[in-house]
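> curious how this folds, go ahead:
(one chain, ligands or ions: 1)
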Amino acid sequence: ATKIDWWKGGVIYQIYPRSFQDTTGDGIGDLAGITQRLPYVASLGVDAVWISPFFTSPMKDFGYDVSDYRGIDPLFGRMEDFDVLIERAHELGLKVMIDLVMSHTSDQHPWFAESRASRDNPHADWYVWADPKPDGTPPNNWLSIFGGPAWHWDARREQYYLHNFLVSQPDLNFHNPAVQDELLDMARFWLDRGVDGFRLDTVNFYFHDAQLRDNPPLARELRKSDTAPAVNPYNHQSHRFDKSQPENVAFLERFAALLRGYGAAVIGEIGDSERALELLEEYTGVAGRMQMSYVFDFLSGQDLAATRISEVFDTLHSVAPNSWPCWAMSNHDVVRHISRWGLSDPAAKAYATVLLCLKGSVCLYQGEELGLPEADIAFDDLQDPYGKEFWPEFKGRDGCRTPMVWDMGVNGGFSTAKPWLPIPHAHLQRTVVAQEADAQSMLHHYRWVIGLRRRHSALRGGDMTDMCAQGPVLTFNRADDRQTLHIRANLSADEAGGLRPWQVQIIEG
Ligand code: TEU
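Here you go, the predicted structure:
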């Protein structure tokens with residue numbers, strides 16, 4: 001067998017730093033806390049961590065609004081803490097991927113402060129500025145994901161600026177080569193500090209249509225895979241011109257060339273319910289503009305039937321045959337899958353097994369391995385601005401962002417202070433310490449199935465063939481030049497196809 005790259009078929013554990021481990025007693029997790037818990041992460045058998053943003057930020061979007069790409073936010077520690085984290089991770093055999101939010105900055109970034117000050121300063125063209133229509137309204141019909149128009153009036157420049165997310169997240173102008181150069185330099189800065197790769201936030205949002213054409217009406221209904229809440233008008237418009245532009249390919253090629261020099265890898269988050277599959281092939285296919293693409297198919301829906309899994313792979317085979325997806329069932333933006341799909345423990349174990357037998361790479365989200373359900377957050381405790389905007393139809397993203405539960409100490413061992421989001425009582429029944437002591441626990445199951453994937457080259461890098469769903473029973477094969485595995489999973493609470501409820505059979509031969 002040929003040796004494959006670490007990321008190919010690898011398992012990546014996503015850490016949300018605010019909620020992993022607090023060491024300073026302020027109720028918010030930090031980098032030293034991550035370092036402290038790295039032996040636990042390594043014990044799971046994963047290949048890498050992806051750490052959500054810890055850069056200097058006013059935290060309007062909890063770090064996805066960066067005001068200094070080369071600085072560590074004081075809430076999370078100092079650069080020394082990051083250097084220690086990387087060193088410790090590497091000692092433990094873990095790769096470190098950090099989360100680059102390049103599509104937009106915070107409005108507190110010095111570039112934006114200068115850009116908005118006049119129309120002729122050195123950073124004037126670093127953001128997307130446009131004149132109003134003759135009647136004073138925004139330049140076109142583009143909408144922000146977080147609510148309202150994507151344009152915000154700036155009284156000083158007497159122009160609108162583009163923001164695909166919060167008003168406080170102005171969109172960088174990638175049509176300006178100086179912006180690209182600076183961001184590539186910034187990525188080099190982190191590669192030189194030893195990171196092994198990046199998760200690229202909203203990678204298909206970098207470019208907008210330079211002519212600022214109106215988005216056309218939505219041609220068809222939302223796909224089943226959309227994670228987006230229906231209450232949001234953004235999800236009822238096409239996004240032909242505000243994202244996923246052809247110019248992005250050339251930028252990604254520049255980025256890929258930089259990465260090659262370091263042997264680093266990226267996983268790009270493609271948020272586009274209309275064109276995700278096309279972009280998947282375009283970005284991660286034969287041209288290798290990115291290594292992995294984060295796909296949303298298993299991050300949504302009322303359930304995940306065997307038939308839907310096989311449909312997803314059928315489509316992938318026909319539309320994006322050379323792509324390399326990275327699968328996930330939970331993350332920091334969506335309802336935890338245990339609650340989203342109403343899974344019992346046996347059901348959750350079956351889905352974990354299937355996920356870790358699929359072809360592609362896999363992202364696990366902190367707490368998933370404990371079987372944590374979504375936390376119910378009252379409006380008064382709500383932190384997420386997206387949730388505040390669309391409450392109560394959409395309750396926001398705080399329910400999946402509550403702290404990790406480690407032991408029976410105060411606040412589950414997360415912090416000695418009141419945590420920034422409340423820890424549900426139900427979570428305290430599922431601490432790491434409690435699950436370590438129980439051979440039947442979710443934690444042991446995840447560890448076992450991650451280990452299975454590690455030990456079987458066919459699961460990690462082999463082909464996947466003959467996927468088929470008969471009622472609730474999903475079957476497929478994984479094979480490489482060393483071994484063939486036959487997988488049969490009963491994704492239902494009833495006996496089916498000779499399998500017990502939620503039984504997954506993996507047969508070598
Ligand atoms: O998310 C991009 C994105 O498209 C999300 O807004 C997604 O549609 C939504 O959260 C689903 O509920 C990334 C980050 O993952 C998110 O945390 C940031 O808020 C966003 O970018 C802006 O940087």
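
> who in the chain is up against the ligand?
Residues of the chain lying near the ligand by CB under 6 Å from any ligand atom: 61, 64, 101, 145, 165, 201-202, 227-228, 271, 332-334. Just so you know, the C-beta spots here come from the backbone N, C-alpha and C atoms, and that holds for glycine as well.

> ok, those residues vs residue 300, which is closest?
Minimum distance to residue 300 across those is 4.4 Å, recorded for residue 227 (CB to CB).

> mind checking pLDDT for that closest one?
pLDDT for residue 227: 75.

> sec struct for it, please.
Assigned by DSSP: H, G, I helix; E, B strand; the rest coil, the conformation of residue 227 is coil.

> quick one: list the elements packing against the host helix or strand of residue 88.
Per DSSP states H and E: residue 88 is located in helix 79-91. Here helix 79-91 touches helix 31-43, strand 68-72, strand 95-100, going by 3 or more CB pairs under 8 Å, 6 or more residues apart in numbering; DSSP states H and E.

> would you mind measuring from residue 218 to residue 205?
Shown here: residue 218 relative to residue 205, a distance of 18 Å by CB to CB, to the nearest Å.

> buried set for stretch 448-460?
449, 450, 452, 453, 454, 456, 457, 458, 459, 460 (16 or more other CB atoms under 10 Å).

> can you check stretch 113-132 too?
So, applying 16+ other CB under 10 Å, buried residues of stretch 113-132: 115, 116, 123, 124, 125, 126, 127, 128, 129.

> just stretch 173-184 next, same as before
So, applying 16+ other CB under 10 Å, buried residues of stretch 173-184: 173, 174, 175, 176, 179, 180, 182, 183, 184.

> so what's the gap between it and the chain middle?
Its chain's average C-alpha position is 24 Å from that of stretch 173-184, according to CA atoms, centre = their mean, to the nearest Å.

> ditto for stretch 422-438
24 Å.

> now do the end-to-end distance for it.
Chord length of stretch 422-438, first to last residue, is 26 Å (CA to CA, to the nearest Å).

> equivalent analysis for stretch 112-127, please.
OK, stretch 112-127 end separation, CA to CA: 7 Å.

> about what we covered before: now, which of the buried residues of stretch 448-460 lie within helices?
Counting by DSSP state H, these place 449, 450, 452, 453, 454, 457, 458, 459, 460 in helices.

> now those residues in a markdown table, with pLDDT?
As requested, these are exported to a markdown table (pLDDT from 0 to 100):
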| residue | pLDDT |
| --- | --- |
| 449 | 98 |
| 450 | 98 |
| 452 | 98 |
| 453 | 98 |
| 454 | 97 |
| 457 | 96 |
| 458 | 98 |
| 459 | 98 |
| 460 | 96 |
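
> the residue in the stretch 51-200 of the chain that the ligand sits nearest to - how many residues pack around it?
Here the stretch 51-200 of the chain gets closest to the ligand at one residue, residue 64, 3.4 Å apart by CB to the nearest ligand atom. Using other CB atoms under 10 Å, residue 64 has 23 neighbouring residues.

> same thing with residue 380?
Neighbouring residues of residue 380 were enumerated by other CB under 10 Å; the total is 5.

> in TSV, list the buried residues of stretch 173-184 along with pLDDT and secondary structure.
As requested, these are exported to TSV (pLDDT from 0 to 100; DSSP: H, G, I helix; E, B strand; the rest coil):
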residue	pLDDT	secondary structure
173	98	coil
174	98	coil
175	98	coil
176	98	coil
179	98	helix
180	98	helix
182	98	helix
183	98	helix
184	98	helix
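
> domain map for this protein?
The record's domain parsing of the chain by automatic domain parsing lists 11-104+177-454, 463-508.

> figure out which of those domains is closest to residue 136.
Comparing the domains of the chain by CB to CB, domain 11-104+177-454 comes nearest, at 16.2 Å.

> give me phi/psi at residue 154?
Dihedral pair for residue 154: phi -110, psi 110, per degrees, to the nearest 10.

> quick one: the residue nearest to it when sequence neighbours are not counted from residue 191, how far?
Spatial nearest neighbour of residue 154, excluding adjacent residues (CB to CB, 6 or more residues apart in numbering): residue 116 at 5.4 Å. Separation of residue 116 from residue 191 (CB to CB) stands at 31 Å.

> what does residue 292 give?
Counting by CB to CB, the gap from residue 292 to residue 191 is 17 Å.

> who's in contact with the spatially closest residue to residue 19 that is not a sequence neighbour?
Leaving out its chain neighbours, the residue that sits closest to residue 19 by CB to CB, 6+ apart is residue 403, at 4.4 Å. Going by CB atoms under 8 Å, 6 or more residues apart in numbering, residue 403 touches 19, 20, 22, 29, 411, 412, 414, 415, 419, 420, 421, 423.

> of those residues, which is the nearest to the ligand?
Once CB to the nearest ligand atom is applied, the member of the contacts of residue 403 that ends up nearest the ligand is residue 19, at 13.0 Å.

> is that closest one in contact with residue 366, as I believe?
Yes: in terms of CB atoms under 8 Å, residue 19 counts as a neighbour of residue 366; the distance is 7.3 Å.

> overlap in contacts, these two.
residue 404.
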